[in-house]
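Peer 1: Could you work out the structure for the sequence below:
(one chain, ligands or ions: 1)
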Amino acid sequence: MTKPTTNNVGIPVASDNDSLTLGANGPILLQDHYLIEKNAHFNRERVPERVVHAKGGGAFGFLEVTEDVSQFTKAALFQPGTRTESVIRFSSVAGENGSPDTWRDPRGFAVKFYTTQGNYDLVGNNTPVFFIRDPIKFPDFIHSQKRRADNHLRDHNIQWDFWTLRPESAHQVTWLMGDRGIPSNWREMDGFGSHTYLWENAGGEKFWVKYHFKTDQGIGYLTQAEADRIAGEDADYYIRDLWTAIERGDHPSWTLYVQVMPYEEAADYRFNPFDLTKVWPHGDYPLIKVGRYVLDRNPSNYFAEIEQAAFAPTNMVPGIGPSPDKMLQGRLFAYPDAHRYRIGANFAQLPVNAPKSPVNSYSRDGAMRYQNPGDPVYAPNSFGGPHADAAYAGETVSSYGVVDEVIRSAYRLHAEDDDFGQAGTLVRKVMDDAQRERLAQNIIGHAKKGVSEPVLERVFEYWRNVDKSLGDKVAEAFGK
Ligand code: NDP
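Peer 2: Modelled structure (predicted):
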């Protein structure tokens, strides 16, 4: 027997076909509370779309630590043999919910680990670097990649205007215009924590780290022509690929590595190690294997488990802390603030966001609260309530030394810091001839869609600064 339909408080309802009316042809009655509830709730089905990373998909899985990195961190999830349940959300950045998965864009790679010490989140991307290095520019940057005020169109001219006025974008834009700017799917791309974090071991020694998830499926990419075709045929191409792979038992995996920099080396490293537009070259800091990250379960409810999944870099467990990376500092505010706005103050109580370890917090009440602590309602207290203790929290990890004046300034430059060097290395030393040719054609194709003077002249200059022959080739394509 099928179950009787009820309204939202369990009362059986008479019909899903006919509203209550005054006679067969008469007006609908306000007392049809089920009709009112059904339509009123429908009007409220959407939570606000994420301003960035709106379109995405995700899955569940686990991290298994196969190596021993305990000399670098005491965090429980990274101890040898530990297996930690996880949820991941992949996304694109600029496109709205519903936009084609295969538009050229960085991809989000946001991971939540349900550790025994609370949730640990890494809000990564499929790229190790970013367009800017100071969060004060983040809203401007995103506005330039989204829609104009007047015609509501995306506009390559304003994109290139911003990029060329902010040359620190060159490394990320080179990466974006290269093959990896359009992955073949979410399984065949790497993930990066991108920011630098602080790790602390059981003896109190500190290290700076960067995370790298290297795909075990091998890197795949789409040419611009392939991506354009797929965008027309299947806007949800990546979501479908991930879902069907997991359904058929083809569980994607990544090998997790870290780069580790001894704490003292940061001050005089040749690049500013906290600048998000730079990588740490592998030759200086080789990848150290940590374990295996596997996705083996699809969500059973997209909205509940993926749309409402709330990742935040503030979720750092004992043994892990932030660094002076200014973009990370900005995101420490922006992510939890976005969730409080988007899904409400009690977003951490939703099943996908709730930790699997105990919550003993004095936070209480607020909209939609359903697990509310009892007395005592304050700390300190004489009645056996939880008490905060630095010995558990490992607070010392965020105590990196800073003694300075309060000023507004760019980062202090390190010996080899500049805006174009690492982008040039990517073009000349990492890409082969065929990749370089595709990079040039992608740049030319993109800029030919609406970029005009005075921005265009700066585009040529920008690419000549990355690589002289690449810049000349771009200029030639415009008859310059
Ligand atoms: P390495 O030669 O040791 O490594 C090159 C890196 O570039 C590898 O991680 C490789 O990934 C990646 N790569 C290959 N093709 C592309 C592409 N088309 N777009 C983006 N990345 C690509 O070099 P270094 O560490 O000395 O760094 C040299 C340059 O490589 C950097 O300036 C940076 O642009 C780029 N890079 C560096 C990374 C780092 O963390 N050091 C990470 C990613 C890129 P894979 O092994 O998967 O092929």
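Peer 1: Who are the contact partners of Ile443?
Peer 2: Counting by C-beta atoms under 8 Å, 6 or more residues apart in numbering, Ile443 touches Met177, Val459, Trp463, Leu470, Val474. (Glycine included, C-beta is placed from N, CA and C.)
Peer 1: Most neighbours out of those, which is it?
Peer 2: The most crowded member of these, judged by other C-beta atoms under 10 Å, is Trp463 (30 neighbours).
Peer 1: Now, the contacts of Ile443 that are in helices?
Peer 2: Met177, Val459, Trp463, Leu470, Val474 (DSSP state H).
Peer 1: Between these, which sits nearest the ligand?
Peer 2: Met177 (9.5 Å; C-beta to the nearest ligand atom).
Peer 1: circling back: so which of the ones in helices among the contacts of Ile443 comes closest to Gly191?
Peer 2: Closest approach to Gly191 among those (C-beta to C-beta): Met177, at 20.1 Å.
Peer 1: Flag every residue of the stretch 301-450 of the chain that's near the ligand.
Peer 2: Residues of the stretch 301-450 of the chain lying close to the ligand (C-beta under 6 Å from any ligand atom) are Gln422, Thr425, Leu426, Val430, Met431, Gln435.
Peer 1: Could you turn the buried ones of these into a ChimeraX selection?
Peer 2: Burial among those is assessed by 16 or more other C-beta atoms under 10 Å; the matching ChimeraX selection reads:
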select :422,425,426,431,435
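Peer 1: quick revisit: same list (the ones in helices among the contacts of Ile443) but as a markdown table, adding distance to Tyr400 and pLDDT.
Peer 2: Listed next are the ones in helices among the contacts of Ile443 as a markdown table, based on distance: C-beta to C-beta, whole Å; pLDDT from 0 to 100:
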| residue | distance to Tyr400 | pLDDT |
| --- | --- | --- |
| Met177 | 35 | 98 |
| Val459 | 39 | 98 |
| Trp463 | 37 | 98 |
| Leu470 | 38 | 98 |
| Val474 | 42 | 98 |
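Peer 1: quick one, helices of the stretch 301-450 of the chain?
Peer 2: Listed in chain order, the helices of the stretch 301-450 of the chain (DSSP state H, counting those that start in this stretch) span 302, 326-343, 390-393, 421-425, 433-447.
Peer 1: can you tell me which of the ones you listed the model trusts least?
Peer 2: For the helices of the stretch 301-450 of the chain, the weakest mean pLDDT is recorded on helix 390-393, namely a mean of 76.
Peer 1: Tell me how far it lies from the chain's centre.
Peer 2: Offset of helix 390-393 from its chain centre (C-alpha atoms, centre = their mean, to the nearest Å): 28 Å.
Peer 1: Equivalent analysis for stretch 445-465, please.
Peer 2: 28 Å.
Peer 1: what about dumping the CA coordinates of that stretch to PDB?
Peer 2: The C-alpha trace of stretch 445-465 is given here as PDB (Å, rounded to 0.1, in the frame of the first residue of the first chain):
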ATOM      1  CA  GLY A 445      40.000  33.400 -29.200                       C
ATOM      2  CA  HIS A 446      39.000  34.800 -25.800                       C
ATOM      3  CA  ALA A 447      40.300  38.300 -26.500                       C
ATOM      4  CA  LYS A 448      38.700  38.400 -30.000                       C
ATOM      5  CA  LYS A 449      35.300  38.200 -28.300                       C
ATOM      6  CA  GLY A 450      34.800  41.900 -27.500                       C
ATOM      7  CA  VAL A 451      38.100  43.200 -26.100                       C
ATOM      8  CA  SER A 452      38.700  46.700 -27.400                       C
ATOM      9  CA  GLU A 453      41.200  49.600 -26.900                       C
ATOM     10  CA  PRO A 454      42.600  50.700 -24.500                       C
ATOM     11  CA  VAL A 455      42.400  47.300 -22.900                       C
ATOM     12  CA  LEU A 456      43.700  45.400 -26.000                       C
ATOM     13  CA  GLU A 457      47.000  47.200 -26.100                       C
ATOM     14  CA  ARG A 458      47.500  46.200 -22.400                       C
ATOM     15  CA  VAL A 459      46.600  42.600 -23.300                       C
ATOM     16  CA  PHE A 460      49.600  42.400 -25.700                       C
ATOM     17  CA  GLU A 461      51.900  44.000 -23.100                       C
ATOM     18  CA  TYR A 462      50.600  41.600 -20.400                       C
ATOM     19  CA  TRP A 463      51.500  38.500 -22.500                       C
ATOM     20  CA  ARG A 464      54.800  40.000 -23.700                       C
ATOM     21  CA  ASN A 465      55.700  40.300 -20.000                       C
END
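Peer 1: In it, which residues are buried?
Peer 2: Buried residues in stretch 445-465, counted by 16+ other C-beta under 10 Å: His446, Ala447, Val451, Val455, Leu456, Arg458, Val459, Phe460, Tyr462, Trp463, Arg464, Asn465.
Peer 1: before we move on, what about stretch 110-128?
Peer 2: Under the neighbour-count criterion of 16+ other C-beta under 10 Å, stretch 110-128 has 110-115, 117-128 buried.
Peer 1: what's the average pLDDT for the host helix or strand of Leu122?
Peer 2: Using DSSP states H and E, Leu122 sits in strand 118-125. For strand 118-125, the mean per-residue pLDDT is 97.
Peer 1: low-scoring pLDDT stretches of the stretch 251-400 of the chain, where are they?
Peer 2: 394-399 (pLDDT under 70).
Peer 1: how about 90 then?
Peer 2: By pLDDT under 90, the weakly predicted segments of the stretch 251-400 of the chain are 388-400.
Peer 1: Could you pull out the strands in it for me?
Peer 2: For the stretch 251-400 of the chain, applying DSSP state E, counting those that start in this stretch gives strands covering 253-262, 288-297, 320-321.
Peer 1: Okay, strands next: where are they in the stretch 1-150 of the chain?
Peer 2: Counting by DSSP E, counting those that start in this stretch, the stretch 1-150 of the chain has these strands, from start to end: 56-65, 83-92, 107-115, 118-125.
Peer 1: Please verify my assumption that Leu165 contacts Glu461.
Peer 2: No. Counting by C-beta atoms under 8 Å, Leu165 does not reach Glu461; the two are 11.4 Å apart.
Peer 1: what about the helices in the stretch 101-250 of the chain?
Peer 2: Taking DSSP H, counting those that start in this stretch as the test, the helices found in the stretch 101-250 of the chain are 138-145, 156-165, 170-177, 224-233, 237-247.
Peer 1: can you give me the mean pLDDT across the fourth one?
Peer 2: What it means is helix 224-233. In this model, helix 224-233 has a mean pLDDT of 98.
Peer 1: and that helix, what does it pack onto?
Peer 2: helix 433-447 (3 or more C-beta pairs under 8 Å, 6 or more residues apart in numbering; DSSP states H and E).
Peer 1: gap between the helix it packs on and the chain center?
Peer 2: 26 Å.
Peer 1: ok, now stretch 236-255?
Peer 2: Its chain's C-alpha centre and that of stretch 236-255 lie 19 Å apart, by C-alpha atoms, centre = their mean.
Peer 1: Flag every residue of the stretch 151-300 of the chain that's near the ligand.
Peer 2: The stretch 151-300 of the chain comes close to the ligand at residues Trp175, Gly178, Asp179, Arg180, Asp190, Ile219, Val279, Trp280, Pro281, His282, Gly283, as judged by C-beta under 6 Å from any ligand atom.
Peer 1: Burial check on the first one, number of neighbours?
Peer 2: I take that to be Trp175. Applying other C-beta under 10 Å, we find 24 residues neighbouring Trp175.
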